[in-house]
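Engineer: Show me the folded form of this:
(chains A, B and C)
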Amino acid sequence: MNSNLNSNNDIILKGLNDKQTEAVKIINGPLLIIAGAGSGKTKVLTHRIAYIIDNGTRPSNILALTFTNKAANELKERISNLVGESKAKYIWAGTFHSIFARILRIEAKSINYSSNFSIYDTDDSASVIRQIIKTLNLTEKSLNINAVRNKISSLKNKMISSMDYALKAETSEEKFVAEIYKKYEINLKNNNAMDFDDILLNFINMLRSDKNLLTKYQEQFKYILIDEYQDTNKAQYLAIKLLSKSHNNLCVVGDDAQSIYRWRGADISNILDFQEEFPYCRVVRLEQNYRSTKNILNAAHSVISNNQRQIPKKLWTENQVGDKIDIFQYADDREEATRVANLINDEIENGYNFKDIAILYRTNAQSLVLENSLRSKKIPYLIIGGTSFYKRKEIKDTLAYLTLLVNPSDNEAFRRVINEPPRGIGLTSLRNLELFAEYNNLNLIEACFEVDNIPEIKGKASKSAIEFASKVNEYSRQLINEQSYDVIFDYILGTDLISMFKEIGSSDALDRITNIEQFLLDIKNYFETNENPSLSDYLQQITLVSDIDDKDLTGNNVSLMTLHSAKGLEYPIVIITGVEKGLFPLERTRLDQEELEEERRLFYVGVTRAKSKLSLSYCMRRAKFGDVSVQGPSKFVSEIPVEYTNRAFSTGGSFVPQRQESYFKSKPQGINRDEYSQIMPDENYSQLPPIATNELKVGDWVKHSNFGRGKIIQKTGFGAQERVVVNFDGIGNKSLMLQFAKLTKM
DNA sequence: GACCTGCTGATTTTT
DNA sequence: TCAGCAGGTC
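Structural biologist: Next comes the predicted model:
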């Protein structure tokens, strides 16, 4: 190995700039890499890992933690390309949650769990909390379940236990939360389940309570690398600190300017204070940007400079000055969607591909109107993020059935499916079963077998309960003998979930069947392609994966996603929509300096995704909650100096703005009626030509997702108030709001 | 216990 | 707007 060490090192260092080389070569001791957007961060990480291996460390002694699965996969792939699959596969690379969960399964005994524990996502947690609130009989005020869940999660992220919190709680609401928190912890433990936060906390508890395990993993992970360090929370920081304590070979990479997860407990002071926390720390700054044009970088810098709390730095680039940034003012969100689609078609004519273009927005709700417009113009697109496949009800139900096979203690999974499809075990029977189970210290499956001892449950309910539990038991046993897809398939078929939807027969129900089939196909695929497949392994994989991660990004599609999802990606052309007052930054963040700064960082992330062209737009009105609210340019727009921009406005393309009362029904956000009439912005703007009215007209045949085919027989109103009456085949006349009825022209 | 209806509140972002 | 829930009815 030694003979070719230098030449290998040379290969690894080839093509890196001075700063990147420096970062790669410092492998011992704490290292903070401040990596600006587009500065080759992943390149440095992967080359650094290759360098560590090349200097004699075994791949299995390297731990590389990322924030998302997407980032982890990219990292693995690029390391593989660099050092070869045979070495790369031994590196511990993954998200905090997946790696820690993997270790926790191995060491489950040390924290009094069994290794088949379930992992609860946010919906599962909320459902447990709903259950607890019900049993507490909190009649005096209805607590918002999600608010409670967020509160508990944020307490956990800050490492505040239910006991600590109970001591601190003062108001009656805080006391309720403390009570729920305590029950929630007990509940999950009894279910042999952990939520996302528990994975981090239990990992820390494990390291703290067992010195041998601490030593074991400190020796296992001789080199630790953390990506997106600005997004770590207190628990993650502590876990890393514990793991690296014996050797301090800890390298963190991050950019404080791209910290956008404060709301989820990310603590930006982790990166800001890294140098104090880890003495003798070296710092390398990567400030050369290889991605964007000078105009884009300058604009990004101008905006982010308005933030107070940050590590001073300025990105520079050798790239061209490039096109100016286009800033458009549109009349409303429908015009925005139409114009965005037109813009895309123009760029296609200019020689770009659909896959070169991304449309970014602040909230998922904004995607709908954009989608409609893209569809009508036959522009292929792919939504990244949004509601996950695994969050669909039918998939969650199927998942719960499977979870019961692996973890029969999971009462939450039991509750979810015991009466889905209806088996005659309603809320009353369930409540009795739960009381009995609690009293006798059984899980609900076990309680089912004892149902004869519960006098309140008799007849059909009693019979069903035993049948249900027997079925779970039987298949669970079969699965222990033989981990095969066929067993799983039989079991799911036997639940009658699919037959239930078949009976319902609506298009929605048929969709659900398709989804379940697709899910089963995925399981089949897993069983066929893995060496040592097991259901528990499969379930573990998917609970920590959102389906963004395995979306095929290689097709020729325009990408649509939230600004958060866009982090880490880059596109030749980026279109950021809805850069509006009240929407971006979100209204509620306006008065909170820290939250406002986070919104600004989010904007910065969006802007720096663009390689050569960037376009921003805002609307004067936007449909919200089926109503229309008055918007206007975001303050971020005014933070970009005019010299980097082209600005254009429209007075309302397809229709003349109607100043109807209804436009002002919802709270005008910062613009009053008189201001609104002065739609003409300052002299930096030029007027956009009107867009062609290719809107639907009377006599057109249209298609609706629920009602099917129909013909427009009447059209009334303007703009957001536009309505059509459609005569649908076999259904008859329906009056629809044009902006909400997803009509497509046939 | 199942099913229907009408009301309410959500819309930030995700492991 | 629309999903999800509570409460009422059969």
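Engineer: Around DNA strand B, which positions in the stretch 551-700 of chain A sit nearby?
Structural biologist: By C-beta under 7 Å from any atom of the strand, the part of the stretch 551-700 of chain A that sits against DNA strand B consists of A:562, A:564, A:565, A:586, A:588, A:589, A:595, A:624, A:625. Bear in mind the C-beta positions are built from the backbone N, C-alpha and C, glycine included.
Engineer: do that again at 6 Å, thanks
Structural biologist: A:562, A:564, A:565, A:586, A:625 (C-beta under 6 Å from any atom of the strand).
Engineer: what's the answer for chain A, then?
Structural biologist: So far as C-beta under 6 Å from any atom of the strand goes, chain A lies against DNA strand B at A:68, A:95, A:97, A:121-122, A:144, A:146, A:196, A:263-264, A:363-365, A:385, A:419, A:422, A:424-429, A:461, A:544, A:546, A:548, A:562, A:564-565, A:586, A:625.
Engineer: hang on, the earlier thing: please pick the buried ones from the residues of the stretch 551-700 of chain A next to DNA strand B.
Structural biologist: Among those, those scoring as buried are A:562, A:564, A:565 (criterion: 16 or more other C-beta atoms under 10 Å).
Engineer: how much space between the last one and residue A:69?
Structural biologist: If I follow you right, that is residue A:565. 12 Å (C-beta to C-beta, to the nearest Å).
Engineer: follow-up on the earlier one: could the buried ones among the residues of the stretch 551-700 of chain A next to DNA strand B go into JSON lines alongside secondary structure and distance to residue A:298?
Structural biologist: Converted to JSON lines, these look like this (DSSP: H, G, I helix; E, B strand; the rest coil; distance: C-beta to C-beta, whole Å):
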{"residue": "A:562", "secondary structure": "strand", "distance to residue A:298": "25"}
{"residue": "A:564", "secondary structure": "coil", "distance to residue A:298": "24"}
{"residue": "A:565", "secondary structure": "coil", "distance to residue A:298": "25"}
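Engineer: Determine which two of the residues of the stretch 551-700 of chain A next to DNA strand B are furthest apart.
Structural biologist: The largest separation in those, counting by C-beta to C-beta, is between A:565 and A:625 at 23.3 Å.
Engineer: wait, which of the buried ones among the residues of the stretch 551-700 of chain A next to DNA strand B is closest to DNA strand C?
Structural biologist: Comparing those against DNA strand C with C-beta to the nearest atom of the strand places residue A:562 closest, at 18.4 Å.
Engineer: Tell me which residues touch the closest one, please.
Structural biologist: Listed by C-beta atoms under 8 Å, 6 or more residues apart in numbering, the contact partners of residue A:562 are A:360, A:361, A:362, A:363, A:364, A:385.
Engineer: 6 Å instead, please
Structural biologist: Contact analysis of residue A:562 by C-beta atoms under 6 Å, 6 or more residues apart in numbering lists residue A:385.
Engineer: For it, report the pLDDT, please.
Structural biologist: Looking at residue A:562, its pLDDT reads 90.
Engineer: Please name the bridge partners of it.
Structural biologist: Beta bridges link residue A:562 to residue A:361, judged by DSSP bridges.
Engineer: Name the nearest residue to the spatially most central residue of chain A, ignoring sequence neighbours.
Structural biologist: For chain A, the residue sitting closest to the mean C-alpha position, by C-alpha atoms, centre = their mean, is residue A:385 at 6.1 Å. In this structure, residue A:385 finds its nearest non-sequential neighbour in residue A:565, 4.2 Å apart by C-beta to C-beta, 6 or more residues apart in numbering.
Engineer: and the one you found, backbone torsions?
Structural biologist: Dihedral pair for residue A:565: phi -70, psi -20, per degrees, to the nearest 10.
Engineer: same thing with residue A:684?
Structural biologist: Torsion angles at residue A:684 (phi, psi; degrees, to the nearest 10) stand at phi -80, psi -10.
Engineer: okay, and for chain A, where does confidence drop off?
Structural biologist: Applying pLDDT under 70 to chain A picks out residues A:1-7, A:137-143, A:386-388, A:546-553, A:626, A:652-681, A:691-697, A:714-723, A:737-742.
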